[in-house]
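Asker: Pasting the sequence and the predicted model now:
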Amino acid sequence: MPIEVTIFEDNAPRREGVKLLLNMTQDFVCAGAFENCNNVIENIVQTNPDVVLMDIEMPGINGIEAVRMINEKFPSLPVMIQTVFDHDQKIFQSILAGATGYMLKKTAPSRLLEAIREIYEGGAPMTPEIALKVLQFFKQHETVKKESNYALSSKEKEILAALVDGLSYKMIADKLDISYHTVNFHIRNIYQKLHVHSVSEAVAKALKERIV
């Protein structure tokens with residue numbers, strides 16, 4: 001079954017370009033493409049996607065507010081922000097609203113497709129620039145050493161450290177010479193042990209509590 005993606009993007013050429021990319025690539029399909037988020041919940045119900053691509057700057061309801069609305073109504077539906085902006089405030093507003101991934105629009109089409117697959121499979125892809133800003137944000141805040149290491153195995157700690165460094169699932173698999181699915185398995189265990197639901201939450205907890 002193809003991964004069905006719904007797009008919210010007010011730039012018509014960009015919207016049609018991403019739609020074409022999805023429909024021309026095996027294992028992907030554009031379930032719907034909308035120029036604004038004014039009827040975002042109805043649009044999601046209508047298209048029933050596996051993943052949502054969301055622009056931030058749109059007329060009417062902006063992308064961050066739309067992410068918040070989607071997260072409240074469909075908490076398990078992954079939403080990936082796509083924007084030309086890499087401002088810290090927008091990044092963290094998006095993450096707090098419930099965005100699962102954050103990619104800049106200059107990202108290559110091949111990486112965008114890889115990120116969509118990654119978010120569909122439970123990951124939280126971010127472009128390196130964004131990952132660096134997330135790391136810098138948490139490193140600037142006071143950290144507290146916790147007594148518990150959450151019973152993480154040595155392999156889980158190694159993978160968590162790689163997530164903190166901003167590596168994608170594929171990059172971690174290559175670095176540790178294990179399969180993509182093995183990485184995914186370990187990360188799900190990490191989520192369970194840390195009581196988190198996303199990579200951004202796991203990274204935040206790891207940095208705040210100096211787990212790795």
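Answerer: Yep, that arrived. Keep in mind the model is a prediction, meaning the values are calculated, not measured.
Asker: By mean pLDDT, flag the weakest helix or strand of this protein.
Answerer: When each helix and strand of the chain is scored by mean pLDDT, DSSP states H and E, helix 128-139 comes last, with a mean of 67.
Asker: Please name the nearest non-neighbouring residue to the residue nearest the centre of the chain.
Answerer: Nearest to the geometric centre of the chain sits residue 101, at 1.6 Å (C-alpha atoms, centre = their mean). Counting by C-beta to C-beta, 6 or more residues apart in numbering, residue 101 lies nearest to residue 80, which is 3.9 Å off, once chain neighbours are set aside. C-betas here are computed from N, CA, C, even on glycine.
Asker: Now do the same contact list for that neighbour.
Answerer: Counting by C-beta atoms under 8 Å, 6 or more residues apart in numbering, residue 80 makes contact with 51-54, 99-103, 115-116, 119, 125.
Asker: out of the residues you listed, which are inside helices?
Answerer: The members of the contacts of residue 80 that map onto helices under DSSP state H are 115, 116, 119.
Asker: In this structure the last one contacts residue 51, no?
Answerer: Yes: the criterion here is C-beta atoms under 8 Å, and residue 119 meets it with residue 51 at 5.7 Å.
Asker: what residues do those two have in common as contacts?
Answerer: Shared contacts of residue 119 and residue 51 (C-beta under 8 Å, 6+ apart): 78, 80.
Asker: Please, where are all the helices along this structure?
Answerer: Using DSSP H, helices in the chain cover 12-23, 40-47, 63-73, 88-97, 109-120, 128-139, 154-164, 169-176, 180-194, 199-208.
Asker: Confidence-wise, which of the ones you listed is weakest overall?
Answerer: Across the helices of the chain, helix 128-139 has the smallest mean pLDDT, namely a mean of 67.
Asker: Could I get the buried residue list for stretch 195-212?
Answerer: By neighbour count on 16 or more other C-beta atoms under 10 Å, the buried set for stretch 195-212 is 196-200, 202-209, 211-212.
Asker: can you check stretch 47-64 too?
Answerer: By 16+ other C-beta under 10 Å, the buried positions in stretch 47-64 come out as 47, 49-56, 58, 61-64.
Asker: domain parsing for this protein?
Answerer: Here the domain parsing of the chain from automatic domain parsing is 3-126, 141-208.
Asker: quick one on the thing from earlier: which one of the helices of the chain lies closest to residue 32?
Answerer: Closest approach to residue 32 among those (C-beta to C-beta): helix 40-47, 3.6 Å.
Asker: most packed of the domains of the chain?
Answerer: Using mean count of other C-beta atoms under 10 Å, the stretch among those with the largest mean neighbour count is domain 3-126, at a mean of 18.
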